[in-house]
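**Student:** sequence isn't available, so here's the structure alone:
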C-alpha cells in the first residue's frame, strides 16, 4: 500500500481524498493543514489531521506527499522545502515559471535522495504529454490548445474584486468556428479573440451600477480586453442553483501533414470534458504518485515531469496484464 | 544521426520513407526486399535497395530496422528472427496474439543484447497508451473504442474474393448516436451492431449478379453478419476518382466518475482523423525508433511496447526545451 499524505484541504485536496478511496493500492495516512487541525473535518474515517508545523515528524510514516496548494505563493516555497524531507507531487501551473521551479525542486530532491513530480494535472500535465506525443509523431504540424467550456477561477476572482460585485463565475468558451477550422486541418492563424470568448455570471450588490461593473469587466487589462466578453447579472439563488460546480476541459489538437510532399492531412485531438476540474486534476496527481513510487524503487530520484514517466508506471496492472487487456 | 533500415516496400514502408525525410535526426540507410532489388525504385536518392538474403551483412551499418510486413504471416517469423541481429520496430496488430509474439521477440532480443519495440502504430499503439493513461487516472470508468470513418483493408480484401467482384473499398463507420451517448457520459452497453456500420463500394464484373454479390457480402460470417452493411456498386472510374486514399481514424473514449459518491462525470477522448493510415502508422514507428535508440544507449534491451517508453524519449527536444515549450 502506498501511504499518501495530503498537504492542504481545499478543493484539490478534497478531490485527492476521493481519488485515494477509488484506488486499492493506496491509503490516506494524514492531512496536513496550516489551519487549526481541530477546525477541520475530513471525509475519510480514522485519518489524522495534523498541523503543518508537525509534518517533519511524519517522515517514514508517509511514502509521498500530494501538495495541494496554489501556484502563486504556496508551491514555489512549499515544493522545494518539502522535497528535502519527502517524496512530493505538485500541480504547479505557472507555465512561465516552470523552469525555475524545476531547478529548485530538483536540487532539493536530488540532495536528499527523494523523488518529486511537478506540474501534474491536465494543463500542465495530460495536455502537455499529448502535445509531446503529437509533435514527436507529426513533426510538420501546428499545435492548438482550446480551454473550456469551463470555470476559470482566476478570472472569477478578478471580477469579484470589482466594487459592487458580490460573486462571479467566469466561463471560458472555445469559439466553435475556430475549433471546426482546426479540426478540419485548415491550420489557421488565430488571434486570442478568435479562439475563446468569456462569459461572466455576476451577482451585484443591491443598487450597484451594473453598467459600470460591465465596463470594469470588459476593459480589465490582461483578463478581458483581448476577448469578447458577455456579462450577465443573475441572483444569488441562480448562482447557487446553476453555477456551484467547477466544470472544465478543452482540447489539444495537432494538425500536421505527412507524405513526400506533405499531401496528407493528419489530425490528433485530445479532449477532456470534466464535471469537476479539481477532482480530475487530483486523480492525475494520484496516478503520478504511484508512478513516482515505482521509479523511486528503481533508484530514480530528483525532479520529474509527466514527460519522464513511462505510462506503464501509472497503472496498477502488471506489464503482462496491460499488454493483454489494453494493447 | 539514427541510421534506419526499412524491411519491405509496401504502403507502410513508403510512409516510413516519407517520415524519415521529415525528421532531421534520421537517415534512411537501406530498403530490404524479398523481391528482385533491381525491380524496385524508391524515392530517396542514393539509398540502396538490398535483397533480404543479404540483410545480415548490414549489421553495424544500420541502427534499427523498421519491419513493414504484415501481421498475418510476415511479422510472427520476421520480428523474432531479425531481433537476433538488429534492433527492430514492428507494428504487429493481431491483438489476441500479442502476448506470444512478445515472448518470442523478447527472448531473441534479450539473448542478443538488442532492443525491440512491437505493436507500434495507432491501434495497437497510440490508442493503447491512451487507454492506459485514462484507466490509470479514472479507475472507475469504462473504455470505448470507435474506428473510422476509414478503410478496412481486411474487409476490402474479403469482398474482393467474392466471384464477380473486381474491386472493393470497405469503410468502417462509427454510429453517430452511439458516439454521442458515450461522449455524454451515459456509459451505454453497446452491441457490435450498435457501434459501427459498414459501407462497401464495389466494382462488379460486367453482367455480374449484383443481388447475389450483395447477399454474399452482408451474410459473410465474422466480417459482416454482426453489422448493418450497405453495398453500393460504382464504376471503376468512380473507384479510382473517389476511393484511392486510405483514410482512417477513430476515437478512444474513457467515461468515468470521480467524487466521494461518484457524483462527477469525467470524459477523456483521444481522436485521430487520418488522410493516410499507413503514413500515420509509420510516423509513429519512426518516433518509436528514436525512443528505442535512446533506451538502448541507457543499456535497455529486450522487447518493449509503447507502455514502457517515457514520452520524452520520443521527441527530438531536450528535456529542458520540452519543459519550456510543451509543459
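**Tutor:** On my side now, so go ahead. Predicted model, so just to flag it, every value in this text is computed and none were measured.
**Student:** whichever residue of the stretch 1-150 of chain A sits closest to chain B: how many residues sit nearby?
**Tutor:** Using Cβ to the nearest Cβ, residue A:136 is the residue of the stretch 1-150 of chain A that sits closest to chain B, at 4.0 Å. (C-beta placed from N, C-alpha, C; glycine too.) The number of residues packed near residue A:136 is 25, by other Cβ atoms under 10 Å in any protein chain shown.
**Student:** repeat that for residue A:148.
**Tutor:** Quick note: residue A:148 (other Cβ under 10 Å) scores 20 neighbours.
**Student:** might one say that it is in contact with residue A:172?
**Tutor:** Yes - between residue A:148 and residue A:172 there is a contact under Cβ atoms under 8 Å: 4.0 Å.
**Student:** give the residues shared as contacts by the two.
**Tutor:** residue A:196 (Cβ atoms under 8 Å, 6 or more residues apart in numbering or on different chains).
**Student:** return the residues in contact with residue A:81.
**Tutor:** residue A:108.
**Student:** which residues touch the closest residue to residue A:316 other than its chain neighbours?
**Tutor:** Leaving aside its chain neighbours, residue A:316 sits nearest to residue A:25 (5.5 Å; criterion: Cβ to Cβ, 6 or more residues apart in numbering or on different chains). With contacts defined as Cβ under 8 Å, 6+ apart, the neighbours of residue A:25 are A:1, A:2, A:290, A:316.
**Student:** need the pLDDT of residue A:222.
**Tutor:** You'll see residue A:222 listed with a pLDDT of 89.
**Student:** kindly apply the preceding question to residue A:234 instead.
**Tutor:** Value for residue A:234, per-residue pLDDT: 98.
**Student:** need phi/psi at it.
**Tutor:** Per-residue torsions, residue A:234: phi -130, psi 170 (degrees, to the nearest 10).
**Student:** pLDDT weak spots in the stretch 101-250 of chain A?
**Tutor:** For the stretch 101-250 of chain A, no stretch is flagged by pLDDT under 70.
**Student:** most surrounded residue in the contacts of residue A:25?
**Tutor:** residue A:290 (22 neighbours).
**Student:** contacting residues for the residue nearest the centre of chain A?
**Tutor:** The centre of chain A sits closest to residue A:121, judged by Cα atoms, centre = their mean, with a distance of 3.9 Å. Residue A:121 makes contact with A:91, A:93, A:281, A:284, A:285 under the criterion Cβ under 8 Å, 6+ apart.
**Student:** I figured residue A:243 hits residue A:169, correct?
**Tutor:** Yes - using Cβ under 8 Å, residue A:243 is in contact with residue A:169, at 4.3 Å.
**Student:** shared neighbours of these two, anything?
**Tutor:** A:151, A:201.
**Student:** ok, those two, which is more surrounded?
**Tutor:** Remark: of residue A:243 and residue A:169, residue A:169 carries more neighbours, 23 against 18, as counted by other Cβ under 10 Å.
**Student:** tell me the buried residues in the helix or strand hosting that one?
**Tutor:** With elements taken from DSSP states H and E, the one containing residue A:169 is strand A:165-174. Across strand A:165-174, burial judged by 16 or more other Cβ atoms under 10 Å in any protein chain shown covers A:165, A:167, A:168, A:169, A:170, A:171, A:172, A:173, A:174.
**Student:** want to throw those residues into a markdown table with distance to chain B?
**Tutor:** Below are the buried residues of strand A:165-174 laid out as a markdown table (distance: Cβ to the nearest Cβ, whole Å):
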| residue | distance to chain B |
| --- | --- |
| A:165 | 28 |
| A:167 | 22 |
| A:168 | 22 |
| A:169 | 17 |
| A:170 | 20 |
| A:171 | 17 |
| A:172 | 18 |
| A:173 | 18 |
| A:174 | 15 |
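**Student:** what is the nearest of those residues to residue A:117?
**Tutor:** residue A:172 (26.6 Å; Cβ to Cβ).
**Student:** rewinding a little: okay, and which of the contacts of residue A:25 map to helices?
**Tutor:** The helices, defined by DSSP state H, take in residue A:290 from the contacts of residue A:25.
**Student:** which of the contacts of residue A:25 fall within strands?
**Tutor:** The strands, defined by DSSP state E, take in residue A:2 from these.
**Student:** could I get the contacts of residue A:25 as TSV with pLDDT?
**Tutor:** Output for these, formatted as TSV (pLDDT from 0 to 100):
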residue	pLDDT
A:1	96
A:2	98
A:290	98
A:316	98
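**Student:** coming back round to it: near chain B too, which of the contacts of residue A:121?
**Tutor:** residue A:284 (Cβ under 8 Å from any Cβ of the partner chain).
**Student:** the helix or strand containing residue A:65 vs chain B: in contact?
**Tutor:** Per DSSP H and E, residue A:65 falls inside strand A:64-67. No - Strand A:64-67 is not in contact with chain B by Cβ under 8 Å from any Cβ; minimum separation 14.3 Å.
**Student:** what of stretch A:94-103?
**Tutor:** Yes - counting by Cβ under 8 Å from any Cβ, chain B is contacted by stretch A:94-103 at A:95, A:98, A:99, A:102.
**Student:** drop anything exposed from the residues you listed.
**Tutor:** A:95, A:98, A:102.
**Student:** where does the last one sit: helix, strand or coil?
**Tutor:** Three-state assignment for residue A:102 (DSSP: H, G, I helix; E, B strand; the rest coil): helix.
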